[in-house]
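Novice: here are the coordinates; sequence isn't available:
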């Protein structure tokens with residue numbers, strides 16, 4: 001009678017170590033892919049949110065600037081015309097009275113401030129201004145957010161855009177440029193938005 005002797009065919013220590021290294025490498029690779037996907041998804045979602053915010057903000061600015069008019073105290077429709085700040089009078093609270101409206105850039109936030117007129121004697125107390133952030137992740141890259149033009153634009157390119165000294169009284173058209181850049185160091189180009197609006201109450205080139 002013959003007996004068959006089976007030798008132990010288990011893994012050696014070296015084989016176990018190699019298998020362990022391969023397993024860890026695979027897990028690390030899968031984890032890296034998951035993190036990359038989550039980061040890309042988060043970036044895309046944040047960019048879409050920021051762009052939508054900026055588009056809505058520009059749409060609101062266009063409507064309000066188009067209807068800019070004299071203040072309830074007789075003030076000129078345009079009160080401040082800087083590169084990153086614009087102040088004007090418009091009925092944004094829909095009560096039939098012109099409010100003092102301020103759009104300005106604070107860091108990377110685009111903000112809006114509104115002051116409603118008081119009763120007689122009419123005034124616009126700065127302490128009554130209500131401000132809120134209407135868009136975030138704004139990086140203008142050194143460009144002006146607001147550009148101002150007279151009533152002869154675009155025919156007149158010699159005197160346009162207006163210089164700071166000539167803006168308040170001569171502005172008839174306002175150009176708006178907003179650049180959304182949620183991560184300056186991320187490998188993605190900023191999203192640029194351009195638009196403009198003529199101020200109806202100041203139109204003089206009929």
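Specialist: Happy to help now that I have it. Note that the coordinates shown come from a computational prediction; the quantities given were computed from them, not determined experimentally. Numbering: from 1, shown residues only.

Novice: Mind listing residues that contact the strand or helix carrying residue 102?
Specialist: Counting by DSSP states H and E, the element that carries residue 102 is strand 99-106. With C-beta atoms under 8 Å, 6 or more residues apart in numbering as the test, strand 99-106 has contacts from 61, 64, 71, 79-80, 84-93, 110-117, 124, 129, 131, 138, 140, 145-146. (Glycine included, C-beta is placed from N, CA and C.)

Novice: Are any of those buried, and if so which?
Specialist: Among the contacts of strand 99-106, those scoring as buried are 61, 64, 71, 79, 85-92, 110-117, 124, 138, 140, 145-146 (criterion: 16 or more other C-beta atoms under 10 Å).

Novice: ok, and the closest non-adjacent residue to residue 50?
Specialist: Closest residue to residue 50 apart from its sequence neighbours, by C-beta to C-beta, 6 or more residues apart in numbering: residue 137 at 4.3 Å.

Novice: That neighbour against residue 108, yeah?
Specialist: Yes: under the criterion of C-beta atoms under 8 Å, residue 137 makes contact with residue 108 at 5.7 Å.

Novice: So for these two, which residue has more residues nearby?
Specialist: residue 137 (22 against 17; other C-beta atoms under 10 Å).

Novice: how near is residue 68 to residue 160?
Specialist: Using C-beta to C-beta, to the nearest Å, one gets 19 Å for the distance from residue 68 to residue 160.

Novice: neighbour count winner among these two?
Specialist: residue 68 (25 against 19).

Novice: Can you read off the pLDDT for that one?
Specialist: As predicted, residue 68 sits at a pLDDT of 97.

Novice: give me every residue that touches it.
Specialist: By C-beta under 8 Å, 6+ apart, the residues touching residue 68 are 77, 78, 88, 89, 90, 199, 200, 201, 202.

Novice: Would you report the backbone torsion angles of it?
Specialist: Backbone torsions of residue 68, given as degrees, to the nearest 10, read phi -60, psi 140.

Novice: same question, the one 5 residues further on
Specialist: Note on residue 73: its backbone torsions stand at phi -100, psi 10 [degrees, to the nearest 10].

Novice: got CSV for the contacts of residue 68, with pLDDT too?
Specialist: Below are the contacts of residue 68 laid out as CSV (pLDDT from 0 to 100):
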residue, pLDDT
77, 97
78, 97
88, 98
89, 98
90, 98
199, 96
200, 95
201, 94
202, 93
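
Novice: Redo those residues as a markdown table? Include distance to residue 171 and secondary structure.
Specialist: Putting the contacts of residue 68 into a markdown table (distance: C-beta to C-beta, whole Å; DSSP: H, G, I helix; E, B strand; the rest coil) gives the following:
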| residue | distance to residue 171 | secondary structure |
| --- | --- | --- |
| 77 | 9 | coil |
| 78 | 6 | strand |
| 88 | 9 | strand |
| 89 | 13 | strand |
| 90 | 14 | strand |
| 199 | 7 | coil |
| 200 | 13 | helix |
| 201 | 12 | helix |
| 202 | 7 | helix |
